[in-house]
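from the sequence below, what's the structure:
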Amino acid sequence: MRDQEHVETNSRQGFAQDFSNMDNGVPQPVTMSPKNWAGGELNPQDAWLPLTESRKGTIYSTTFHLLCSGLGIQALLLPVAFVTLGWAWGIICLSIVCSWKFYTMSLLVRLHESDSGIRYSRYVHLAVTAFGPKLGMLFALFPAMYLSGGACVQLIIIGGGIVKLLVRTVCKDGATCDPNSMHGILCFFVFMFMAICVAEYFPNLNSVAGVSVIGTITAIVYCTMIWTLSIGKGRLNDVSFEPPAMDSTMESFSSVLNSVGIIFLAFRGQNVILEIQGTLPSNPRHPHCKRMWSGVTISHVVIALCLFPLALGGYWVYGNKVPFANTEVVKAVSQFHAQKISQFVLELLCILVLINCLTTFQIYGMVVFDNFEMKYTIRKKQPCPRWLRIVLRLFVGGFAFFLAVALPFLGRLSPLLGAVTSVPLTYVYPCFMWNYIKKPKPKGVIWCTNMGLGCLGVVLSALFVVAAAWDLADKGLVANFFKP
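Next up is the predicted model:
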């Protein structure tokens, strides 16, 4: 009991010190009160912020949020992992990572609310509670911000590429119009403009539930279309399932680790699970933990049903000829099967991917909006006015657009950055946080399982960093600054 009280005190003081009002240079903790708004919320400030101002979520809204944030274009790279791993090890690794992700999700769902009623609706807040103010911020702040803000930048890059591909498809590579009429920067701007226009209409995370439904449908449809179209139109000629020849042992070692890393990074969305659970009302008769767990279970099963056929079907069709970039997979369908698939289907595929990127932007962008508004509400002790919300979202969109134009090669750095951010945050921290907060019996089954998975995740994260860095050093990086 003392341990739990110490953890909650650490949460109130540590997290609040970092995101708190400054009084004469001294951080002051956010005022906590037993005021009961929307059922059991102890921090009144949460009623002003985009992630938590609406606690009217349902099982359905959370399920679609989880599906939209967890199922995306990064899954199209899964066949690439099978090129090196092969059928057996590819399926084994995909199954293990899928189970591991499901387990850590279950830990986060149960860590969302403490026994005293404090709800951790932000990943950084929970990390500070578990590890302390300094270590919590050190471990979780950059990964959480990169996986939300960085995701917005990546979505602009991918979405801009899809816009360009759609224009080229409509123009039939110059047969009906000029496919170069929209250059890279303009394509990025078009996507960013659409994404921010949509964001301006939705004040909080719960309000984008309908958008998440659209995003979920488009993701499931285009994932299914890609592997069914590929299989239906037949396997490519001279397809081989033999791993590519490597010049050195280090190259083989790096290739295997990068392939495993692709599988680890294919499962995303862990950084917004607590935020999504924060949209559910707190009711003693109907605990939000059970409703969230239902949403997690349903969404994870659906994601697995999409990823496994995509990985297996894509590898069966393309073998070692599978493209090595997520947007290139969409191009491959049009290039390899252009004579067998109608132009309408190709255009529909591009539109589905584009819509999915726009809808996913709303979820990850909401975390960034929340962070900016939090700083304002702490300083002013009042909700953010409507006009300022519009300005902040325009600023976030403009800054993300600038980064996308300045760093169009950011996707090439994803394996390295993902190993530093996504792997620990998804597969490591939940295990350690459970042991620090819940204090299971030392050397018991739960304690050993969490310590074992956490330590294994740390080792794998380090190995992924080494492999990604070596791959960059070996193959080089085309740093086309401001040349998308």
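
right, and residue 102 touches residue 300 too?
Yes - between residue 102 and residue 300 there is a contact under CB atoms under 8 Å: 5.2 Å. Bear in mind the C-beta positions are built from the backbone N, C-alpha and C, glycine included.

please report the distance of the residue nearest to residue 341 when sequence neighbours are not counted from residue 317.
Nearest non-adjacent residue to residue 341, counting by CB to CB, 6 or more residues apart in numbering: residue 229, 6.2 Å away. Separation of residue 229 from residue 317 (CB to CB, to the nearest Å): 9 Å.

again, but for residue 285
Here the criterion is CB to CB. By it, residue 285 lies 51 Å from residue 317.

so these two - more neighbours on which side?
Using other CB atoms under 10 Å as the criterion, residue 285 and residue 317 rank with residue 317 on top: 25 against 4.

I'd guessed that one sits against residue 236; true?
Yes - here residue 317 reaches residue 236: they are 6.5 Å apart, a contact under CB under 8 Å.

joint contacts of the two?
Counting by CB atoms under 8 Å, 6 or more residues apart in numbering, residue 317 and residue 236 have no common neighbour.

who's more crowded, residue 102 and residue 300?
Neighbour count, other CB under 10 Å: between residue 102 and residue 300, residue 300 has more, with 20 against 16.

I'd assumed residue 103 was in contact with that one.
No - Residue 300 lies out of contact with residue 103 (CB under 8 Å); the separation is 10.4 Å.

which residues do the two both contact?
With contacts defined as CB under 8 Å, 6+ apart, no residue is shared by residue 300 and residue 103.

buried ones in stretch 196-206?
Buried positions in stretch 196-206, judged by neighbour count with 16 or more other CB atoms under 10 Å: 196, 198-199, 202-206.

as a check, name the ranges of all strands in this structure.
21-23, 26-28 (DSSP state E).

could you give me the average pLDDT of the first one?
Okay, so that is strand 21-23. Regarding strand 21-23, the rounded mean pLDDT is 38.

what do you get for stretch 46-55?
The average of the pLDDT scores along stretch 46-55 is 90.

shaky segments in the protein?
Counting by pLDDT under 70, the chain has low-confidence residues at 1-42, 173-175, 284, 323-340.

for the top helix by length along it, list every residue counted as buried.
Criterion DSSP state H: the longest helix present in the chain is helix 343-380. Buried residues in helix 343-380, counted by 16+ other CB under 10 Å: 346, 349-350, 352-374, 376-378.

now stretch 109-127
109, 111-114, 118-127.

give me phi/psi at residue 421?
phi -110, psi -60 (degrees, to the nearest 10).

residues contacting it?
142-143, 146-147, 150.

mind checking which of the residues you listed land in helices?
In this view, those that belong to helices under DSSP H are 142-143.

so which of the contacts of residue 421 is the closest to residue 433?
Of all the contacts of residue 421, residue 433 sits closest to residue 143, with 13.4 Å by CB to CB.

list the contacts for the closest one?
Going by CB under 8 Å, 6+ apart, residue 143 touches 271, 420-422, 424-425.

again with residue 211
Contacts for residue 211 were tallied using CB under 8 Å, 6+ apart; they are 68, 198, 202, 359, 362.

same check, this time on residue 303
Residue 303 neighbours (CB under 8 Å, 6+ apart): 67, 70-71, 267.

out of these, who has the most neighbours?
Going by other CB under 10 Å, residue 70 tops the contacts of residue 303 with 29 neighbours.

now that residue, nearest residue through space, not along the chain?
Counting by CB to CB, 6+ apart, the residue nearest residue 70 is residue 269, at 3.6 Å.

same question for residue 147.
Closest to residue 147 by CB to CB, 6+ apart is residue 271, at 4.2 Å.

that neighbour contacts residue 123, doesn't it?
Yes - the criterion here is CB under 8 Å, and residue 271 meets it with residue 123 at 5.5 Å.

joint contacts of these two?
Taking CB under 8 Å, 6+ apart as the contact rule, the neighbours common to residue 271 and residue 123 are 144, 425.

surely residue 228 is in contact with residue 313?
Yes - counting by CB under 8 Å, residue 228 does reach residue 313; the two are 7.5 Å apart.

more neighbours, the two?
Neighbours of residue 228 and residue 313, each counted by other CB under 10 Å, are more numerous for residue 313; the result is 21 against 13.

pull the contacting residues for the more buried one.
With CB under 8 Å, 6+ apart, residue 313 has these contacts: 227-228, 230-231.

ok, back up a step: any chance of the buried residues of stretch 196-206 in CSV with distance to residue 470 as columns?
Shown next, in CSV, are the buried residues of stretch 196-206 (distance: CB to CB, whole Å):
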residue, distance to residue 470
196, 38
198, 40
199, 39
202, 43
203, 46
204, 43
205, 39
206, 44
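
what's the farthest-apart pair in those residues?
For those, the farthest-apart pair by CB to CB is 196 and 206; their separation is 19.6 Å.
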